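K.L.:
Quick one, what's the 3D model for this:
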Amino acid sequence: MSLNILKNSIKKGRVTVSPELDGLNCPPEIEKMGEELKKAIHVKFGRSFHIREVDSGSCGACESEIIACSNPIYDIQRFGIDFVASPRHADALLVTGPVSRNMELALKKTYEAMPEPKFVITLGDCAREDGMFSQSYYTCSGAGKILPVVLHIPGCPPSPTDIIKALLYFLK
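P.N.:
Model (predicted):
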């Protein structure tokens with residue numbers, strides 16, 4: 001088996017290319033917003049802002065954008081935002097997707113497990129008013145009818161830049 005791998009390596013040559021690091025730099029507008037965000041978080045909390053994210057029945061697009069916020073280009077964690085696994089460690093609950101019937105109780109329990117003060121943020125059009133799932137038998141409603149939402153980040157899905165801008169606006 002390893003002989004076949006060696007033969008293929010010699011035959012094909014180098015198939016990977018070194019990344020161009022110039023293209024991976026953070027855009028200047030994100031850097032500026034990020035520094036403002038970091039200051040606002042420090043003023044309000046004196047530490048990082050912890051978010052527990054719950055997908056209550058989404059298509060996955062909003063989660064992709066949340067994950068992009070943590071990639072090397074945006075790196076939202078360096079600005080003081082941490083996504084946590086437990087609601088007991090969270091300052092905010094970030095809800096994506098329409099609230100499906102099987103997630104309604106879990107969403108309520110997650111919110112109840114959070115310490116005070118606690119904030120609910122909806123991300124994406126579906127989380128606010130069910131979006132394109134509004135007439136579905138499978139959804140209860142948007143998160144705002146179940147929990148007290150203080151911030152909505154619109155879009156389908158919102159970009160990482162939009163997410164950072166909205167969080168900055170909220171924390172100021």
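
K.L.:
Asp82 is in contact with Ser48, isn't it?
P.N.:
Yes. Between Asp82 and Ser48 there is a contact at 4.8 Å, judged by C-beta atoms under 8 Å. (Glycine included, C-beta is placed from N, CA and C.)

K.L.:
Quick check: phi and psi at Glu53.
P.N.:
phi -100, psi 140 (degrees, to the nearest 10).

K.L.:
In which helix or strand does Asp82 reside?
P.N.:
Secondary structure from DSSP states H and E places Asp82 in strand 81-83.

K.L.:
go on, Val150?
P.N.:
Judged by DSSP H and E, Val150 forms part of strand 149-153.

K.L.:
Mind giving me the packing neighbours of that strand?
P.N.:
Packed against strand 149-153 by the contact rule (3 or more C-beta pairs under 8 Å, 6 or more residues apart in numbering; DSSP states H and E) you find strand 119-123, helix 125-129, helix 160-171.

K.L.:
so which of those gets nearest Lys32?
P.N.:
Of all the helices and strands packed on strand 149-153, it is helix 160-171 that lies closest to Lys32, at 10.1 Å by C-beta to C-beta.

K.L.:
Alpha carbons only: can I get the lengthiest helix in the chain in CSV?
P.N.:
In the chain, ranked by residue count with DSSP state H as the criterion, the top helix is helix 28-45. Extracted C-alpha coordinates of helix 28-45, given in CSV (Å, rounded to 0.1, in the frame of the first residue of the first chain):
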residue,chain,number,x,y,z
PRO,A,28,-9.4,47.3,8.0
GLU,A,29,-13.0,48.0,8.7
ILE,A,30,-13.3,44.8,10.8
GLU,A,31,-10.1,45.6,12.7
LYS,A,32,-11.5,49.1,13.6
MET,A,33,-14.9,47.7,14.6
GLY,A,34,-13.3,44.9,16.5
GLU,A,35,-11.2,47.3,18.6
GLU,A,36,-14.4,49.4,19.4
LEU,A,37,-16.1,46.1,20.3
LYS,A,38,-13.3,45.1,22.6
LYS,A,39,-13.5,48.5,24.4
ALA,A,40,-17.3,48.3,24.7
ILE,A,41,-17.1,44.7,26.1
HIS,A,42,-14.4,45.8,28.6
VAL,A,43,-16.5,48.7,29.8
LYS,A,44,-19.7,46.7,30.2
PHE,A,45,-18.3,43.4,31.5
